[in-house]
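S.K.: Next one to model:
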Amino acid sequence: MPVKSRSICPGPLTRRGFLQIGALGVGGLSLADVMRARADAGEAVAPDTSVIFIWLPGGPPHLDMYDMKPQAPAEYRGPFSPIPTNVPGLDVCEHMPLHARCADKYTLIRSISHAFADHGGGHKKFLTGRDPKEPTGFVNDFPMVGSVVAKARERQSIGLPNYISGVDGGRDGADVFSFGAAYLGPSYTPFSIVGDPSQPQFSVQNISLDKSMSDRFDHRLTLRKGFDHLRREIDTSGVMDSIDTFTTRAVDLLTSDRAREAFDLSKEPDEVRDRYGRHAWGARALMARRLVEAGCSFVTMVMENPYQSGREWLRNGTYNWDSHAVNCHIFDDTKFRLPIYDRAVTALIEDVYARSLDKKVLIIVTGEFGRTPRIENQIGTQTGVMQPGRDHWPNSMSLVVSGGGLKMGQVIGSTTEKGEVPKDRPLTPNDLWATMYRHVGIDPEQSFPDFSGRPMPILDGGKPIAELI
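M.R.: As a prediction, the model looks like this:
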């Protein structure tokens, strides 16, 4: 999976839009544009529920993390050993000891599979619950699930965007990870938080106004109000009133105390930040908790590159979870990234429970597929030496769910003795999403019109996972 910066798929809205604040540095699709594009939808009545979606692009190795096979031949099982958790019969990798102490607060699903082995096809299939028309590339034919939640809750005004993502610099385009909204329109792609939130100089673009800008901003707003009043007197169609409404909402968000509070990790005690880890992944997990606590409906945090936040690049490591032998030494790379991942994910899970958010917030942690059970050996591109790796494997994978008022402390499904395919309780991404939509109160049989105006149900199959409910 190459590391590239991809731009957002162009749509009918301009990237600068109506709300221009020039020197204030509000770039990209303006908040007024986003809100104005949502004018034609009705009010959604939504329960007080949220989703935190931790995305592991590239495909994490299920046999080296959550579905270990210590009795399998060496060319399958790898060098890591399983360790018991506080749930009898639920084992995890030895390099995730923090997972072992809180297994009663999450459930492992080991039997989800699909048929798309390319990163593009895998992203699109997993993130939309639909078979993509093209099995490669990252431009969605159908909306990503977070976009569906954003559409269904577009009239829910909380002083924050209802759909937010956290990504590395240069990775915020909607088509980098198939986060596109397809026929719902670009207004329903996530509001991106770009960069490393663990760093002191980090700031959220389009939210913060420094004090030196405040007077100029107030002056511009006053001037705008005068012009808008004049234009309203001229206009007889009601269009200006609509524009005023959405511009006001955009300005409210831009200056929202709630938004500034939610994004400000300095409000957290040092011990909490230390528990999550002083790393981009830990900071994103902590920010996700703050955002859903503030009322955001769907937060996607991408945990892709562990070699940042002061961690030196491993010569035989790789940027994301795409652990081919040509990309990395899978076991050295995984051994490096698992402690960071272990800390961030378990801190999030434990914090959600400690703050009594476990009924409100559903946490899902996954990539687009697993890795080949059989280990491959090839010469590494960066190292020039023979090293082990695993290829793409959508035939079986493991993922974590936590909270959501669901039943925790269990393993759902199993794979064959070498981890190749589901053995018990085969499931699909659609079953996961049907469970998620149930949590947020969205009927997956509800339809939205596609580009041709044809009603398109949110999901074309799948049922809530009974063992979780």
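S.K.: So which residues of the stretch 51-200 of the chain form helices?
M.R.: Using DSSP state H, counting those that start in this stretch, the helices of the stretch 51-200 of the chain run over 74-77, 97-101, 119-128, 145-152.
S.K.: Arrange these in CSV, one row each, with mean pLDDT as further columns.
M.R.: Output for the helices of the stretch 51-200 of the chain, formatted as CSV (pLDDT from 0 to 100):
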stretch, mean pLDDT
helix 74-77, 96
helix 97-101, 98
helix 119-128, 98
helix 145-152, 96
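S.K.: Between those, which one is closest to K335.
M.R.: helix 97-101 (13.0 Å; CB to CB). Quick note: C-beta positions are derived from backbone N, CA and C, even for glycine.
S.K.: Which secondary structure element of this structure has the lowest mean pLDDT?
M.R.: Every helix and strand in the chain was compared by mean pLDDT, DSSP states H and E; the lowest is helix 31-36, with a mean of 42.
S.K.: How many residues are close by I330?
M.R.: Using other CB atoms under 10 Å, I330 has 25 neighbouring residues.
S.K.: That one - nearest residue in space that isn't next to it in sequence?
M.R.: With sequence-adjacent residues excluded and distances taken as CB to CB, 6 or more residues apart in numbering, I330 is closest to S323, at 4.1 Å.
S.K.: That neighbour: what secondary structure?
M.R.: Secondary structure for S323, judged by DSSP: H, G, I helix; E, B strand; the rest coil, is coil.
S.K.: show me what contacts it?
M.R.: 58-59, 61, 330, 333-334, 371, 389-390 (CB atoms under 8 Å, 6 or more residues apart in numbering).
S.K.: Mean neighbour count and distance to A280 added to the helices of the stretch 51-200 of the chain, as CSV?
M.R.: Shown next, in CSV, are those (neighbours: other CB atoms under 10 Å; distance: least, CB to CB, whole Å):
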stretch, mean neighbour count, distance to A280
helix 74-77, 15, 31
helix 97-101, 19, 18
helix 119-128, 26, 21
helix 145-152, 27, 20
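S.K.: Which one of those lies nearest to L427?
M.R.: Here helix 119-128 is closest among the helices of the stretch 51-200 of the chain (CB to CB), at 12.3 Å.
S.K.: and that closest one, how far out from the chain's middle?
M.R.: Centroid displacement of helix 119-128 relative to its chain, using CA atoms, centre = their mean, to the nearest Å, is 13 Å.
S.K.: same for that helix, what does it pack against?
M.R.: The contact analysis (3 or more CB pairs under 8 Å, 6 or more residues apart in numbering; DSSP states H and E) places helix 119-128 against no helix or strand.
S.K.: Send me it as CSV with only the CA atoms.
M.R.: Provided in CSV are the C-alpha atoms of helix 119-128 (Å, rounded to 0.1, in the frame of the first residue of the first chain):
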residue,chain,number,x,y,z
HIS,A,119,-5.9,-2.7,-0.4
GLY,A,120,-8.3,-0.5,-2.4
GLY,A,121,-10.9,-3.2,-2.8
GLY,A,122,-10.5,-4.3,0.8
HIS,A,123,-10.9,-0.7,2.1
LYS,A,124,-14.0,-0.1,0.0
LYS,A,125,-15.6,-3.4,0.9
PHE,A,126,-14.9,-3.2,4.6
LEU,A,127,-15.7,0.5,5.1
THR,A,128,-18.9,0.5,3.1
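S.K.: tell me the angle that helix makes with helix 145-152.
M.R.: 40 degrees (axes from the mean of the first three to the mean of the last three CA atoms, to 10 degrees).
S.K.: Check the gap between the residue nearest the centre of the chain and I363 for me.
M.R.: By CA atoms, centre = their mean, the chain has its centre lying nearest to T300, at 2.4 Å. Applying CB to CB, to the nearest Å, the value for T300 to I363 is 12 Å.
S.K.: which residues do the two both contact?
M.R.: What both T300 and I363 touch, as defined by CB under 8 Å, 6+ apart, is the set I54.
S.K.: residues contacting Q378?
M.R.: If you count contacts by CB under 8 Å, 6+ apart, Q378 has them with 324-326, 386-387, 389.
S.K.: Let me fix that, I meant to ask about M456.
M.R.: M456 is in contact with 142, 183, 447-450, counting by CB under 8 Å, 6+ apart.
S.K.: ok, the residues you listed vs E94, which is closest?
M.R.: Taking CB to CB as the measure, F142 is the one of those closest to E94, at 39.1 Å.
S.K.: who are the neighbours in contact with that closest one?
M.R.: 124, 128-130, 132, 182-183, 456.
S.K.: re the thing from before, for I164, which of the helices of the stretch 51-200 of the chain is the nearest?
M.R.: helix 145-152 (8.9 Å).
S.K.: on that earlier part again, quick check: the residue nearest to the centre of the chain vs S50, distance?
M.R.: Where S50 is concerned, T300 sits at a distance of 12 Å (CB to CB).
S.K.: my guess is H439 contacts V401, does it?
M.R.: No: distance between H439 and V401: 9.9 Å, which falls outside the contact criterion (CB atoms under 8 Å).
S.K.: Overlap of the contact sets of these two?
M.R.: Counting by CB under 8 Å, 6+ apart, the residues touching both H439 and V401 are L362.
S.K.: circling back: let me have the contacts of F142 in CSV, extended by distance to R155.
M.R.: Shown next, in CSV, are the contacts of F142 (distance: CB to CB, whole Å):
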residue, distance to R155
K124, 28
T128, 23
G129, 24
R130, 26
P132, 30
A182, 21
Y183, 20
M456, 21
